[in-house]
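S.K.: Structure for this input, please:
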Amino acid sequence: MTNRNYANRNLQNCSFKGQDLAGADFSGSDLRGCNFTEATLIGATFERAKTGQSRRQVNILVAAAIVGPVVLLVFSAIAAQVSMVLLGDRSNKGLNFFFSALPILALVFGSFIRDKIAFRFPQITSFLNIAAIAVLFAVMVTLTLGLAIVSILGFGDGAIAQGFFLLLLMFVSAFLTFRILKWLTQAIQSNPGTSFRKANLTDANFSHCAMQNTDFSFAVLTGACIFDWAIKRHTQFTNVYCEYLYLEPAHQNRQPAEGSFQPDELERVLTQFMD
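M.R.: Model prediction:
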């Protein structure tokens, strides 16, 4: 029989994806970075467990932000070289337009298309989204530095009006670059750490838990005990299925008292636990 006692352990980055862990005990364990996607966790205990992003996950996301622009640069250089060899000068105009638009295309993919495939590939789409924002950030940094250099050269050549105009554009570009940097930082910080995505958490016990960067999307939470739990930042409850919850141990203080949650009623109950 499989051991179901995982209490008071460091389980960071462990994968329990799709496993049958009904009745398992994760009390007091460090579950940061754990993957419980599609797991059966009926009656499981998570009392005082710690959830959220692990250091490894953060490092991978930061690496995506660094590697993304580098990969784009290398890919662009190789594609340009191959195209020049095969097509000659006829490819110049098409390549210039494609490469200038590539960061925008990457951002569109990260911001819109990712939502359509995130249901099946949430980790990959998060990685691509961060990489796309990082590419845009790299482009804006390059543009800002270029405008700074050109404006300084303009002052040196006596073109005062042109220098001031380019300097103004540089400040606008720098402001946009700073906003994109904040966007990139927020994308990394908001990425899910612990995943209960599509998990069956019927009658699970989450007493005294602080849920941070935790993904409950499409999970079943019917009958879960959420006594004294706190919902921290970046925890997702998208399309959760839940008929009722218990706000106190031993199946006490059932919400709602009878029947099932009405539309938007579950959201109102969860909101009172948000920190």
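S.K.: Just the buried positions in stretch 23-39, please.
M.R.: Neighbour counts over stretch 23-39 (16 or more other CB atoms under 10 Å) mark 24-39 as buried. (Glycine included, C-beta is placed from N, CA and C.)
S.K.: which pair in those spans the largest distance?
M.R.: Using CB to CB, the buried residues of stretch 23-39 span at most 24.5 Å, a distance reached by 28 and 38.
S.K.: so how far is the top helix by length along the chain off the chain centroid?
M.R.: In the chain, with assignment by DSSP state H, the single longest helix is helix 122-156. On the basis of CA atoms, centre = their mean, to the nearest Å, helix 122-156 sits 21 Å off its chain's mean C-alpha point.
S.K.: Moving along the chain from it, name the first helix or strand you hit.
M.R.: Toward the C-terminal end, the helix or strand that comes next after helix 122-156 (DSSP states H and E) is helix 160-189.
S.K.: so what does the next helix or strand after that next one touch, helix or strand wise?
M.R.: Counting by DSSP H and E, the element after helix 160-189 in chain order, helix or strand, is strand 194-195. On a contact count with 3 or more CB pairs under 8 Å, 6 or more residues apart in numbering; DSSP states H and E, strand 194-195 meets strand 214-215.
S.K.: list the helices and strands the strand it packs on packs on?
M.R.: Applying 3+ CB pairs under 8 Å, 6+ apart, we find strand 214-215 packed against strand 194-195.
S.K.: What's the mean pLDDT across the helix or strand just after the strand it packs on?
M.R.: Following strand 194-195 in sequence order, the next helix or strand is strand 210-211 (DSSP H and E). Averaged over strand 210-211, pLDDT sits at 90.
S.K.: circling back: tell me the helices and strands packed up against the longest helix of the chain.
M.R.: Contacts defined by 3+ CB pairs under 8 Å, 6+ apart place helix 122-156 against helix 55-87, helix 92-108, helix 114-117, helix 160-189.
S.K.: Compare the ones you listed and say which comes out lowest on pLDDT.
M.R.: Confidence, taken as mean pLDDT, is least for helix 114-117 of the helices and strands packed on helix 122-156 (a mean of 51).
S.K.: My read is that residue 163 contacts residue 151, right?
M.R.: Yes - using CB atoms under 8 Å, residue 163 makes contact with residue 151 at a distance of 5.1 Å.
S.K.: Compare those two and say which is more crowded by neighbours.
M.R.: residue 151 (21 against 18; other CB atoms under 10 Å).
S.K.: ok, that one touching residue 167?
M.R.: Yes - using CB under 8 Å, residue 151 is in contact with residue 167, at 4.4 Å.
S.K.: Go through the buried residues of stretch 23-39 and name the one nearest residue 147.
M.R.: Here the nearest of those to residue 147, counting by CB to CB, is residue 33; it sits at 40.8 Å.
S.K.: do you know how far the closest one is from residue 62?
M.R.: 15 Å (CB to CB, to the nearest Å).
S.K.: Tell me the one of the buried residues of stretch 23-39 nearest residue 268?
M.R.: Ranked by distance to residue 268 (CB to CB), those are led by residue 36 at 25.9 Å.
S.K.: I'd say the closest one and residue 199 touch.
M.R.: Yes - Residue 36 lies in contact with residue 199 (CB under 8 Å); the separation is 5.0 Å.
S.K.: what sits against residue 198?
M.R.: Counting by CB atoms under 8 Å, 6 or more residues apart in numbering, residue 198 makes contact with 37, 38, 217, 218, 219.
S.K.: The residues you listed: which two are farthest apart?
M.R.: 38 and 217 (11.6 Å).
S.K.: Mutual contacts of those two, please.
M.R.: Common neighbours of residue 38 and residue 217 (CB under 8 Å, 6+ apart) are 197, 198.
S.K.: In contact with residue 223: list those residues for me.
M.R.: Here residue 223 is in contact with 202, 203, 204, 243, 244, 245, 246 (CB under 8 Å, 6+ apart).
S.K.: Cool, thanks, talk later.
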